[in-house]
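[1] pasted the sequence and its predicted model underneath.
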Amino acid sequence: MKEYLKVANSPIFYIITFILFAIIIVQVFVFIRMALKRAKQLNITHSQIKSVVKTASVTTVVPSIATVIALLTLVPIMGLPFSWARLSVIGSLSYELAAANMGADAMGVALGQSGYTMQAFLNSVWTMTIGSSVMITFTLFFFKKYKQQLSKSMEKNRNSNWNKIFISAVLLGVYAKFILEPVVSGGSALAAMLTSAVFALIIEWFIKKTGFRWLQDFSLSISMICGMAAACLL
């Protein structure tokens, strides 16, 4: 084992990670409690809540597979505790590797290779952490005011077409971001996107023909798995 990995996998890092997980778990229960209270105020039925929970649970399974794969990729380089903490809270493999590489480059070494010392490891850790803290800080101190201003603007234009245009533009921007990248890059990314789209249409057609409405809860997951399989085969 490389010297820096002995520290990266040391008990103190596990303790810090478990403390972080404990905070997250507490937050989960707090938000669930708040959500149920608000649902009651809005007269949302228990069956509706149950349906939402079931759908959300199913659709989060496939994205979690990508997170596990990313974890297995990052662990040999950055150790288990830190990699686990990063990918469980805010990180993604593309960002984490890029930030870790930047930290290593600043020390004049290659990530995880010969010469990647404890100092280089800590520099990667700082780069990964500070880089992702910007939006968290923005959300913590400025998002509430931003949301209030946005709500006022939308309320002011409630009877106009502005709200519809604004929401549509935001959704189109999000879709374009994820669609145009594979279209431009091609290869396995494009194969995954097209395969997922085709299977989503097939599942939708099958539901209309058979009336199996329960299959809608699994449509996204099945399409994503088929897309991942196509990318791997390519």
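    Cool, got the structure.
[2] drop to CA atoms for contacts and neighbour counts, all remaining ones
    Will do.
[3] what residues of the longest helix along the chain count as buried?
    When the chain is parsed with DSSP state H, its longest helix is helix 118-156. Residues of helix 118-156 classed as buried under the neighbour-count rule (16 or more other CA atoms under 10 Å) are Met118, Ala120, Phe121, Leu122, Asn123, Ser124, Val125, Thr127, Met128, Thr129, Ser132, Met154.
[4] quick one, domains of this protein?
    3-143, 162-233 (automatic domain parsing).
[5] how long is the longest one end to end?
    In other words, domain 3-143. 42 Å (CA to CA, to the nearest Å).
[6] same thing with the shortest one?
    With CA to CA as the measure, domain 162-233 spans 45 Å from end to end.
[7] could you pull up the mean pLDDT of the longest helix of the chain?
    For helix 118-156, mean pLDDT is 85.
[8] and the next element down the chain from it?
    helix 162-185 (DSSP states H and E).
[9] just want the angle from that next one to helix 118-156.
    Going by axes from the mean of the first three to the mean of the last three CA atoms, to 10 degrees, helix 162-185 is angled at 140 degrees with respect to helix 118-156.
[10] please compute how far helix 162-185 lies from its chain's middle.
    18 Å (CA atoms, centre = their mean, to the nearest Å).
[11] just checking, what packs against that helix?
    Secondary-structure packing of helix 162-185 (3 or more CA pairs under 8 Å, 6 or more residues apart in numbering; DSSP states H and E): helix 187-210.
[12] low-confidence ranges in the protein?
    1, 62-63, 157-160, 217 (pLDDT under 70).
[13] remind me what the longest helix of the chain packs against, helices and strands.
    By 3+ CA pairs under 8 Å, 6+ apart, helix 118-156 packs against helix 3-8, helix 93-106.
[14] 10 Å - rerun?
    When contacts are defined as 3 or more CA pairs under 10 Å, 6 or more residues apart in numbering; DSSP states H and E, helix 118-156 packs onto helix 3-8, helix 61-78, helix 80-89, helix 93-106, helix 162-185.
[15] which one, of the ones you listed, ends up nearest to Ile44?
    helix 162-185 (24.2 Å; CA to CA).
[16] pull the number of nearby residues for Ser83.
    By other CA atoms under 10 Å, the residues close to Ser83 number 24.
[17] sorry, back to before: could you dump the helices and strands packed on helix 118-156 to TSV with distance to Gly227?
    As requested, those are exported to TSV (distance: least, CA to CA, whole Å):
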stretch	distance to Gly227
helix 3-8	35
helix 61-78	11
helix 80-89	22
helix 93-106	19
helix 162-185	12
